[in-house]
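# Compute the structure for the input listed below.
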Amino acid sequence: MALKITQVKGLVGTNPNHRKNIEALGLKRIGQSVVKQDTPVVRGMVQKVRHLVTVEEVAGE
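Residues are numbered from 1 along each chain as shown. Okay, here's the model as predicted:
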């Protein structure tokens with residue numbers, strides 16, 4: 001199982017730790033999506049920035 005993570009909000013005025021989390025997920029701009037393996041580490045990162053991203057489960061990878 002994999003997760004498709006899409007950034008839906010900008011980072012202006014956000015906590016520096018949230019910015020680092022978004023960067024670590026591989027996101028750089030609003031509307032960009034990445035596909036990551038569904039692991040506890042990735043789930044935790046997404047949980048911290050859940051107000052900035054949307055997440056979909058996708059088959060594959």
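
# just the helices in this structure please.
In chain order, the chain shows helices spanning 16-25, 40-48, with DSSP state H as the criterion.

# List the contacts of residue 8.
With Cβ atoms under 8 Å, 6 or more residues apart in numbering as the criterion, the residues that contact residue 8 are 30, 31, 52, 53, 54. The way it works is simple: take the backbone N, C-alpha and C, and place the C-beta from them, glycine included.

# mind checking how far the nearest residue to residue 18 once chain neighbours are set aside is from residue 59?
When the adjacent residues along the chain are set aside, residue 18 lies closest to residue 49, with 5.2 Å between them (Cβ to Cβ, 6 or more residues apart in numbering). As for residue 49, its distance to residue 59 is 24 Å (criterion: Cβ to Cβ, to the nearest Å).

# where in the chain is pLDDT low?
60-61 (pLDDT under 70).

# give me the number of residues near residue 6?
Neighbour count of residue 6, defined by other Cβ atoms under 10 Å: 15.

# just checking, it touches residue 52?
No. Residue 6 sits out of contact with residue 52 when judged by Cβ atoms under 8 Å, with a separation of 9.9 Å.

# Mind listing the shared neighbours of those two?
The contact lists of residue 6 and residue 52 share no entry, where a contact means Cβ under 8 Å, 6+ apart.

# circling back to that earlier point, contacting residues around the residue nearest to residue 18?
Taking Cβ under 8 Å, 6+ apart as the criterion, residue 49 is in contact with 18, 21, 22, 25.

# is it possible to export those to TSV including distance to residue 39 and neighbour count?
Conversion of the contacts of residue 49 to TSV gives the following (distance: Cβ to Cβ, whole Å; neighbours: other Cβ atoms under 10 Å):
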residue	distance to residue 39	neighbour count
18	20	14
21	15	20
22	17	22
25	12	20
